[in-house]
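1. Sequence and predicted structure, then a few things I'm wondering about:
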Amino acid sequence: MPKDFINLLADLEEEEVIKLTKQRLEDGEEALAVLEDSRKAMEVVGDRFAGGQYFIPELVYSGELLKQITELVKPHLVQSGETKRLGTVVIGTVAGDIHDIGLNIVEFMLNVNGFEVHNLGVDVPVEKFVEKMQETSAPVLGLSGFLTFAFDSMKETVEAVEAAGMRDKIKVMIGGGQMDEEIRKYAKADAYGKDAMAAVSLAKKWIGGN
């Protein structure tokens, strides 16, 4: 079933994907397994976009599908109505990049794990990141990017945070399609997270239970 689900979502078959999501949850399958398969499908979408098979409309549509799936999954992830807020995290896709699939999964996972998340969306100018960090006093900044030219935008964003005198007060994590440890060093970030759960682990480590 997971392979069928991944293929259907990657092919943007809305009706069948939603039906299968409901069926999997009703059958008692782990909500996190559904999210993980969604992530795998979005990787396929990303590859198709990078390969010229999909374009901006398909990316946007896949993001909408993902939102529908996460809305169905959410009640199965949250065990209690009261979630203690662990801390604040600001996230966004850097300037020049419109990829928000992974970003939305990260927002969702941070949220259900007790963090207050400020998602600035895609193609976020450097100044907007700095303003939001100043406004919220968030101790963690998450920068997302899928395309190679996001590398420079990430570096510029970290440098802008530094110039604003906040660098020693915050931790910066990066993630996305082409990102790795080498890009982390280049962008002068504190950590690279390979997926949404890595982002949650980093945020918990940095913020703790305070």
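-> Thanks, I have the structure now.

2. okay, the longest strand along the chain in CSV with CA atoms only?
-> Longest strand in the chain by number of residues (criterion: DSSP state E): strand 87-93. C-alpha atoms of strand 87-93 as CSV (Å, rounded to 0.1, in the frame of the first residue of the first chain):
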residue,chain,number,x,y,z
GLY,A,87,9.7,27.5,22.5
THR,A,88,9.6,29.5,19.3
VAL,A,89,11.1,28.7,15.9
VAL,A,90,11.1,30.8,12.8
ILE,A,91,11.3,29.0,9.5
GLY,A,92,11.1,29.9,5.8
THR,A,93,12.3,29.1,2.3
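
3. which other residues reach that strand?
-> With contacts defined as Cβ atoms under 8 Å, 6 or more residues apart in numbering, strand 87-93 is touched by 99-100, 103, 106-107, 110, 115-124, 128-129, 132-133, 136-146, 150, 176, 203, 207, 210. (Each C-beta comes from the backbone N, C-alpha and C, glycine too.)

4. Pairing partners for that strand, with directions?
-> strand 115-119 (parallel), strand 140-144 (parallel) (DSSP bridges).

5. rank those by pLDDT, which is bottom?
-> Mean pLDDT is lowest for strand 115-119 among those, at a mean of 92.

6. residues contacting the residue nearest to residue 201 when sequence neighbours are not counted?
-> Sequence neighbours aside, residue 193 is the residue nearest to residue 201 in space, at 7.7 Å (criterion: Cβ to Cβ, 6 or more residues apart in numbering). For residue 193, the contact set (Cβ under 8 Å, 6+ apart) comprises 142, 173, 174, 175, 199, 201, 202.

7. now, among those, which is nearest to residue 43?
-> Of all the contacts of residue 193, residue 43 sits closest to residue 175, with 12.6 Å by Cβ to Cβ.

8. Can you report how many residues neighbour the closest one?
-> 28 (other Cβ atoms under 10 Å).

9. all helices for this structure, in order.
-> Taking DSSP state H as the test, the helices found in the chain are 2-10, 14-26, 31-50, 56-77, 101-112, 126-136, 150-163, 181-187, 196-207.

10. Looking at these, which one is packed in the most?
-> helix 101-112 (a mean of 23; mean count of other Cβ atoms under 10 Å).

11. which other helices and strands contact it?
-> helix 31-50, helix 56-77, strand 87-93, strand 115-119, strand 140-144, helix 196-207 (3 or more Cβ pairs under 8 Å, 6 or more residues apart in numbering; DSSP states H and E).

12. Could I get the contacting residues of the closest residue to residue 147 other than its chain neighbours?
-> Closest residue in space to residue 147, ignoring its immediate chain neighbours: residue 97 at 5.2 Å, by Cβ to Cβ, 6+ apart. Applying Cβ under 8 Å, 6+ apart, we find residue 97 in contact with 122, 123, 144, 145, 146, 147, 149, 150, 153, 176.

13. Present those residues as a markdown table; the columns should include distance to residue 37.
-> Converted to a markdown table, these look like this (distance: Cβ to Cβ, whole Å):
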| residue | distance to residue 37 |
| --- | --- |
| 122 | 23 |
| 123 | 28 |
| 144 | 20 |
| 145 | 23 |
| 146 | 19 |
| 147 | 24 |
| 149 | 29 |
| 150 | 25 |
| 153 | 30 |
| 176 | 19 |
